[in-house]
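Trainee: Mind folding the following:
(one chain, ligands or ions: 1)
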Amino acid sequence: MSTPDSRSVPITVLCGFLGAGKTTLLNHLLTQTGGQRVAVIVNEFGAVNIDASLVVKTDEQTIELSNGCICCTLRGDLLHAVDDLLSTRDLDAILIESTGIGEPLPIAQSFCLTPEELEIEPEDGQAPIPNLLGRVHVDAMITVVDSAQFFPLWNRQDTIPGDDFERGFGELLAEQLEFADIVVLNKLDLAEPDDVRQLRDLIRITNPRARVLESTRGVLPAEALLNTGLFDFDHSSQLDAWMAELDKEHTPESETYGLGTHIFRAQTPFDPDRLNEALTLGLPRNVIRSKGWVNLGNGVATLWNHTGRQLALETAGEWLSPDEAFSELVFIGHDLDPDALDQLLNRALRA
Ligand SMILES: Nc1nc2c(ncn2[C@@H]2O[C@H](COP(=O)(O)OP(=O)(O)OP(=O)(O)O)[C@@H](O)[C@H]2O)c(=O)[nH]1
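Mentor: Below you'll find the predicted structure:
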């Protein structure tokens, strides 16, 4: 982990689905900042009452970015807002609350790459996008989870209403869970203990380096969340990291409390029609998450990303050579039947 410049201001980013408790946690944190000079940037999506400007200073320490998402359309505005803060005051920390549908990875990237690398162009009349490298650094990406609503949302079959990218609920929740340095399992007062245990298992398997905290109404000591130095860009949610961690952490089924894992590997390509056929009935219900590469024999590496009741197959570039093409899928679920899963998939391979 690289050590940030001592003058560089730490940024803590709060992500988490709509209503998970981000604002509640943020407010609780702000009661504990003592004499520290903390600025807050809140990204409200679809807020009305905001006039022409996308950036509104609501009080001394808060800036609101509205009508867009800081992980996509408002990335330039986010960098400008932070630049303005740095040039007008001495700060000890910046806290950013993302919208509920914000993805953590692109937000973190905004502070780890130059504007050229980010390929963000200023809008008409806007000043050039500032380079903040060395002036700020991400201290931690925090995901707040509504522990009572997590699995019902995870298992929804529809896509998030109004989402420009038509992402499924599970896809976004997985992204938020897997790209986090700290996960706060909030609304503990409303959650079933079994759901909390299952959430802990899911995080332990898919994001083993995350610090997991439990809370009701975001009541947590600031020390556990601020100035942690936990962020490490190299440990992103990239598939390789996910698989590597999984290989490392793999424990035999019998030793795992709730969720177990199974890895399917094949060199023979899948037959797209057979695969389609095999999947028409869906994956066994006890599989709650699976991810990996599939080789459809077409020279293209295809990413398999399944959460709850949704499976997305996406092309993700070409194999370096046809010999390197392979399929490797990691399944996570309860009481997995490895033979049944292998049979289901083996039947879909080319004859
Ligand atoms: N019972 C219970 N309610 C909570 C808890 N944490 C937050 N809430 C309530 O849940 C609702 C949503 O909390 P917020 O903090 O606004 O959630 P948010 O993530 O900021 O929501 P968005 O900004 O809409 O994405 C509020 O009514 C909170 O008072 C908790 O631990 N238990």
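Trainee: quick one: what helix or strand has Leu26 in it?
Mentor: helix 22-30 (DSSP states H and E).
Trainee: near the ligand, which residues of the stretch 151-300 of the chain?
Mentor: The stretch 151-300 of the chain has residues 186-187, 189-190, 216-218 near the ligand, with proximity defined as CB under 6 Å from any ligand atom. To be clear about C-beta, it is placed using only N, CA and C from the backbone, and glycine gets the same treatment.
Trainee: hmm, which two among the residues you listed are most spread apart?
Mentor: The most widely separated members of those, counting by CB to CB, are Leu190 and Gly218 (13.5 Å).
Trainee: Looking at those two now, which is surrounded by more residues?
Mentor: Gly218 (21 against 12; other CB atoms under 10 Å).
Trainee: before we move on, could you check phi and psi at the nearest residue in space to Gln32 that is not next to it in sequence?
Mentor: Leaving aside its sequence neighbours, Gln32 sits nearest to Ala222 (CB to CB, 6 or more residues apart in numbering; 4.1 Å). Backbone geometry at Ala222, expressed as degrees, to the nearest 10, gives phi -60, psi -30.
Trainee: Just the pLDDT for Ala222.
Mentor: We have a pLDDT of 96 for Ala222.
Trainee: same question, the one 5 residues further on
Mentor: As summarised for this prediction, Asn227 has a pLDDT of 94.
Trainee: now it, what's its secondary structure?
Mentor: coil (DSSP: H, G, I helix; E, B strand; the rest coil).
Trainee: Surely it touches Leu95?
Mentor: No: with contact defined as CB atoms under 8 Å, Asn227 does not count as touching Leu95 (11.8 Å).
Trainee: could you pull out the strands for the stretch 201-350 of the chain?
Mentor: Taking DSSP state E, counting those that start in this stretch as the criterion, the stretch 201-350 of the chain contains strands spanning 211-214, 259-266, 287-295, 300-307, 310-318, 327-334.
Trainee: now the angle between strand 310-318 and the third one, please.
Mentor: What it means is strand 287-295. 30 degrees (axes from the mean of the first three to the mean of the last three CA atoms, to 10 degrees).
Trainee: Which residues does strand 287-295 contact?
Mentor: 154, 170, 174, 202, 206, 239, 242-243, 259, 264, 266-267, 269-270, 275, 283, 301-308, 313, 316, 319, 325-334, 336, 341 (CB atoms under 8 Å, 6 or more residues apart in numbering).
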